[in-house]
Structure formats: structure tokens, C-alpha cells
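1. fold the following.
(2 chains)
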Number of protein chains: 2
Amino acid sequence: MALSAAAANEATSSANALDRLLDATRPGMERVNAMILDKASSHVELVPEVARYLIDSGGKRLRPMLTIAASMLFGRSTGSEVNFAAAVEFMHNATLLHDDVVDESNMRRGRAAARMKWGNQASVLVGDFLLGQAFMMMVDTGNVEALRVISKAASIIAEGEVLQLAKTRDLTTSSSDYDEVIGAKTATLFEAATEVGAMAGGADAAGRRALRNYGRELGFAFQLVDDVLDYRGEAGTLGKNTGDDLREGKMTLPVILALKQATPAERETIVSALGRIDTGPDQLGQVVAIFERYDTLGRTIVRAETHVRQATDALRSLPASEMKDILAGVAEFTASRAY
Amino acid sequence: MALSAAAANEATSSANALDRLLDATRPGMERVNAMILDKASSHVELVPEVARYLIDSGGKRLRPMLTIAASMLFGRSTGSEVNFAAAVEFMHNATLLHDDVVDESNMRRGRAAARMKWGNQASVLVGDFLLGQAFMMMVDTGNVEALRVISKAASIIAEGEVLQLAKTRDLTTSSSDYDEVIGAKTATLFEAATEVGAMAGGADAAGRRALRNYGRELGFAFQLVDDVLDYRGEAGTLGKNTGDDLREGKMTLPVILALKQATPAERETIVSALGRIDTGPDQLGQVVAIFERYDTLGRTIVRAETHVRQATDALRSLPASEMKDILAGVAEFTASRAY
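-> Modelled structure (predicted):
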């Protein structure tokens, strides 16, 4: 897909939105980062060693920023938004540690995955530690309703990962199966991040619902774009290797859409590359050529853009504010990453 | 160690204590078992398949029984003890699923470990699901103080497992390192199980403390005996293979004590068998012969018996009751398993 002037403009203004989010949440995020550092510590040396390796590896901390932003949108700060934000980031990092074991990934955020340095064992156990700490931080707020949101999210995320596992290399996977997987494994944590943020900020039921829907739609858009970038990204953009999803046999939307239209020969090309750890650049190129033929990457981006619109629509009922503007911009940035 | 008549008698009367616990907690445990079945269900088929394989595999459900018993000791039933008990069992099963991945175990409770049937991936993810569900059940009670106990336990258990991992095959491991490992990885969940049970039952601060201490000491005794049985058990007694700890390089007390006194040649025999997956019955027999020479299995049991005494002492301040009697008997049974 050619980079049009309009798309380039949009990408620039959306990148601005991310900078604005960064600026607006800076004071809150300083407290979040301090809490993250504190709660990743342990007298068992290996725990902070592994935890900090991942935590300090240059993740954007988008989810906790969204929690802080959501709380700021409603104006009240009780301090609990800091706990919620740090808890959300810990849950995310726990998931990454466990995912790398599940996917047998070698790379994460542009460097060796923790499991390559300390083994699968440490990744599983330190992930468990981070989950426990996430719950501790939530408990410290005494907010049972927010705890319900987070613990439900933990179960649903795991279910989503199991479903994705069960569908590995399953050629009958439908696009609604895919929606179910990414809704559970990705959108649920975005949704929880913004919902508990709104709760901490003193949102009423309508405000809480608005932010929940915003986060959910944003999460869908985010994952759809991620799944495009896995095929199209420049090396290093995502901090993992282009084609990893293909090699891992992940049934993402670009594959699902392609299999639906592919000729028998094209189908054979895809199937022989899918879930094979030794799929090289040539085979990957052949698969991407099939995707281009049926525009499955472009159509995946169109879906992401629909979710972006739904995310900004979710905010519509809220009064105008700079933060609302920023959040809408963040949603647009999510889709613009694909260009 | 010869089986003395006194020990045999004690073993019989202690087994009675377990039967009495089973009888006394039966109505509560029926509700717990129903909740376990309900909360292990999921529309993602693989989740209940893996979860139930483990849950239905004939574990004694000792921890949830202790939660129910602890609540009954204080007489009040709010129903939350059922949630607490089911949550404790889910946490235990989540730990087992993850442990089997960490230890690369083939067997669990006398049959193939879940990871041998569905892979490490499913074991990691279904463990995560069970953890999330455990928190959900706790949240449903609205009891923030109990949630604090449980989430703190989750972190400490993971830390203990990491410490054990870090000490794998580390010949400098001391008996106080060992205490730290089993205190965290095993005693913490027993302690949480009885403490939240007491809370659900309406215990005052002293009662809660008594049950917390009882559970902690019981947990120590339980793990010490487990670590003896790993060398001494008849095949099938523990549902895993005799010598697994040795093959996995686990620095349990019988090894630690033996290394302290061993001649250079004996030390060499132990070291060459420790952490080697192919250590066979002959080598195991040589190691156990060294243990017998320094009575390290017997001395480990003596330590367990000290913890049993401390467990029953912890109950001393409580008024006499049948349940108190049963709990004291359960502690004695724990040590008698070693004979």
C-alpha cells in the first residue's frame, strides 16, 4: 500500500498525539514508574534481575499511560490510579514472559527474550511473581470493584491465549475465531486499563462504560495493526522478527483472509510455510506476495480503522477536553503505525 | 529406620485423624467441589480439559479441607469459606501445572503430567487461567483483607520457586536456604489456607494468628516429609518417581545434611547423581546408602516432628473442641506419612 500524502500527514499528527499523551501523563507516570521499580524488587536476586530486564527494555508503557489518562479525564486523583496503572503494566509483562515461553520466541523488544538468558523456568515463575504483585497493588487500593475488573481480565486473557494455542496452524480458523482470540488476549487488558483508570478518576457509570468501550476498541485496532506489522515491519520496528507469526503457525487475519481466496497452489505455499520454524525470507516473501494479491494486509488495516472509529465514537458522549482530544489522537496513531 | 510399634500405632490413629477431617468437612467440601467444577469450566474447550485432568486426578484436597476446618473451628459460616477453599485449591493446581513445566516432570499424581499430554504451553496458560479464577472467587467475597493474604501468598510462592530454581545443584545451599525455600513455596499456601479459613469463620486476631501459625508449621512438616518420601517412597506412593528430586538437582534437606558430612568419595557419588536426568536405580541406591550412613532422612523427619509439635502448640490457646482435636491429629498424620 503506497504511503499517501494524507496518510503521512495523519501519521505525523498522530505521533503528536502520542507525545501529547506522554507529556500529559508525565507526573502520574513518574509515580507509576517508581512503583513499578519498587514492586519488582525481591530479596531473591533472580526475581528483579529477570523482571527488570523485561520492564526496562524500552516498552512504551502505553497501557499504564492510558490508565493515568483515563483517570485524569474525570479529574479526581485518589492515588489509586497509580496502583492500577502499575498493576496493568505488571500483568502485561507477566503475559509477555509467559507468551515467550509458549511461542518459544527468541526475541522480545529488539533483544534476546528473557527465557533465552535465564531459561523457561525463570520466565514462568517471575511471570507468576509479577501477577501476584499486580494483585497486591490492586488490593492496596481496597477497591473491590476494580479488583473484579482486573481478575476477570486475567482469566479472559489466559483463555484467549489458550484459544490461540488451540487454533495454531488450524486452517479452518475463521475471522470470528480470530476476533475472539484478539478480543480476549489483547483488547481485554486495554479495556481493563482504561476502565479502572476511569473508576479511579471518579467516573460515573456512563463515563466508565465510555472508557471501557474506548479501551476495548483501541485494543482491537492495536492487535490488528501488530498482526500486519508482523509481516510488513522493517526489521527491528516491533523488536521481533518479521514473519514470526507465520513461523509460529499463528492464524492471524492476513492469513485467514488469504486462505479463503487462495488457489490450491497458493494455499500450498502458505501451508508449507505456516508453523515451520525454518521458514526463511524467500518463503516469507512468497506468502506476503499472496497477501498483496488479495490485499489481506490492507483489508486488515481497514478493519483496524473501523475499530479506531469505534474507539473515538465511544468518547463522543464525554465533554470536550484536551485529554479527550489526546485519547482520540492516540487511537488514530494506533492505525497510522501500519503505514 | 525401623517401624516401631509406637510409630505404627501413631500412624493408625493419625490416619483416623484424616478420616475424621474428611467426615467433618464433608458438607462444606461438597460445595467447594461444586465450585471447583464450575470455575474450571470455559467455552474454550482446552481449558477445562487440561484443568480437570489435573483437578480430577485424585489429589487429597487437603488445603481446601483445612480452610473449611479452620472456618468451622470458629463456628460462623458466611459462605465465603467455600470461595476461599476453592481459590486455595486453584492456586495449588496452578502451581502444580507451572512446577511440572519448570521441573520438566513426566509424572504427577501417578499419571502423565498435563504437559506430557498437552504440552508446556497449555500447562502455563491454564495455570494462569486458574490463578485468575482463584482471584475472581476471592473478589466475589468482597473480603479485601483475605484478598491481601492470598495475593501476598501468590507472590511469595513464586519467589520461593525462583529461589529453589536458583539453588538447583548449588552445593553451597545451606539448611537455612532450604528453610527459606520451603517456607515460601509450601508453608505459605498452608498458612494462607488456614488463615483465610479462620477469617471466614469469624476468628478474632488471636484466633487468626493461631490458625496462621498452625498452617505454616503444618506446611513445613508436610514438605519435609515429602522430601523424605521422594527418596524413600514406594513407587507410586507420591504419584511420582522415587529420586525425582535428586535427578532434578533439588537441594533438599537430606542432600544438604549429607554433603555436610560426606567424605570426598561420598560427595563425588552424590554430585555425579545430582541434577542428571539419567541417574538410575543403582546410583540412587548409592546416594540413599550415604543418607542412611548419616541418618539424613531420619534427621529430616525429626525436623518435621518439631514442626508438628509447633503446629499443635499454635492451637493451644483455643478452647477444646472436636475440630481442634482433628486439626492436631492431622498435623501428627503429616509426620507419620514418613513411616
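2. how about the contacts made by A:L96?
-> Each residue near A:L96 by CB atoms under 8 Å, 6 or more residues apart in numbering or on different chains is listed here: A:L54, A:R108. Any C-beta I mention is one placed from the backbone N, CA and C, and that applies to glycine too.
3. please identify the helix or strand for it.
-> helix A:80-103 (DSSP states H and E).
4. so what strands line up beside the helix or strand that that helix is followed by?
-> Next helix or strand after helix A:80-103 toward the C-terminus (DSSP H and E): strand A:107-108. Strand pairing for strand A:107-108, using DSSP bridges, gives strand A:111-112 (antiparallel).
5. any idea how far chain B is from A:G28?
-> According to CB to the nearest CB, to the nearest Å, A:G28 and chain B sit 23 Å apart.
6. tell me the contacts of the closest residue to that residue other than its chain neighbours?
-> Nearest residue to A:G28 in three dimensions, chain neighbours excluded: A:I68, at 3.8 Å (CB to CB, 6 or more residues apart in numbering or on different chains). By CB under 8 Å, 6+ apart, the residues touching A:I68 are A:T25, A:G28, A:M29, A:V32, A:E81, A:V82, A:A85, A:G197.
7. if I look at the fourth one, how far off is A:A87?
-> The reference is to A:V32. For A:V32, the distance to A:A87 equals 10 Å [CB to CB, to the nearest Å].
8. the more surrounded of those two?
-> Higher neighbour count among A:V32 and A:A87: A:A87, with 33 against 25, using other CB atoms under 10 Å in any protein chain shown.
9. hmm, that one is touching A:V139, no?
-> No. The pair A:A87 / A:V139 is not scored as a contact, 9.5 Å apart, by CB atoms under 8 Å.
10. show me what from the stretch 201-339 of chain A comes close to chain B.
-> Within the stretch 201-339 of chain A, no position is near chain B by CB under 8 Å from any CB of the partner chain.
11. so how far is A:I156 from the residue in the stretch 201-339 of chain A positioned nearest to chain B?
-> Here the stretch 201-339 of chain A gets closest to chain B at one residue, A:E248, 10.7 Å apart by CB to the nearest CB. A:E248 sits 22 Å away from A:I156 when distances are taken as CB to CB.
12. repeat that for A:R208.
-> 18 Å.
13. again, but for A:A85
-> Taken as CB to CB, the span from A:A85 to A:I156 is 20 Å.
14. element containing the nearest residue to A:G233 once chain neighbours are set aside?
-> For A:G233, ignoring the flanking residues on the chain, the nearest one in space by CB to CB, 6+ apart is A:T242 at 5.5 Å. Using DSSP H and E, A:T242 falls within no helix or strand.
15. let me know the pLDDT of the closest residue to A:D245 other than its chain neighbours.
-> Once flanking residues are discounted, A:D245 sits nearest to A:D230: 4.4 Å by CB to CB, 6+ apart. With respect to pLDDT, A:D230 scores 93.
16. report the buried residues of stretch A:168-181.
-> For stretch A:168-181, the neighbour count (16 or more other CB atoms under 10 Å in any protein chain shown) marks A:T168, A:T173, A:D177, A:Y178, A:E180, A:V181 as buried.
17. can you redo those residues as JSON lines with distance to chain B?
-> Formatted as JSON lines, the buried residues of stretch A:168-181 follow (distance: CB to the nearest CB, whole Å):
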{"residue": "A:T168", "distance to chain B": "9"}
{"residue": "A:T173", "distance to chain B": "14"}
{"residue": "A:D177", "distance to chain B": "11"}
{"residue": "A:Y178", "distance to chain B": "14"}
{"residue": "A:E180", "distance to chain B": "9"}
{"residue": "A:V181", "distance to chain B": "10"}
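18. can you name the two of these that are farthest apart?
-> A:T168 and A:E180 (14.7 Å; CB to CB).
19. give me the low-pLDDT residue ranges for the stretch 201-339 of chain A?
-> Along the stretch 201-339 of chain A, the model assigns pLDDT under 70 to residues A:234-240, A:339.
20. returning to what we had before: gap between the residue nearest to A:G28 and A:D170?
-> 39 Å.
21. ok so, going back, on the three-state scheme, the residue nearest to A:G28 is what?
-> Under DSSP: H, G, I helix; E, B strand; the rest coil, A:I68 falls in the helix class.
22. from chain B, how far off is it?
-> A:I68 is 22 Å from chain B, by CB to the nearest CB.
23. can you tell me how far that residue sits from B:G75?
-> With the distance defined as CB to CB, A:I68 ends up 46 Å from B:G75.
24. what would the contacts of A:I68 look like in CSV with distance to A:H43?
-> Below are the contacts of A:I68 laid out as CSV (distance: CB to CB, whole Å):
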residue, distance to A:H43
A:T25, 32
A:G28, 29
A:M29, 27
A:V32, 23
A:E81, 29
A:V82, 24
A:A85, 25
A:G197, 32
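25. widest-spaced pair of those residues?
-> Between any two of the contacts of A:I68 (CB to CB), the greatest distance is 12.3 Å, for A:M29 and A:G197.
26. neighbour count: those two, which is higher?
-> Using other CB under 10 Å as the criterion, A:M29 and A:G197 rank with A:G197 on top: 32 against 22.
27. okay, now the residue lying closest to that one once chain neighbours are set aside: neighbour count?
-> Leaving aside its sequence neighbours, A:G197 sits nearest to A:A70 (CB to CB, 6+ apart; 2.9 Å). The local packing of A:A70 (other CB under 10 Å) involves 32 other residues.
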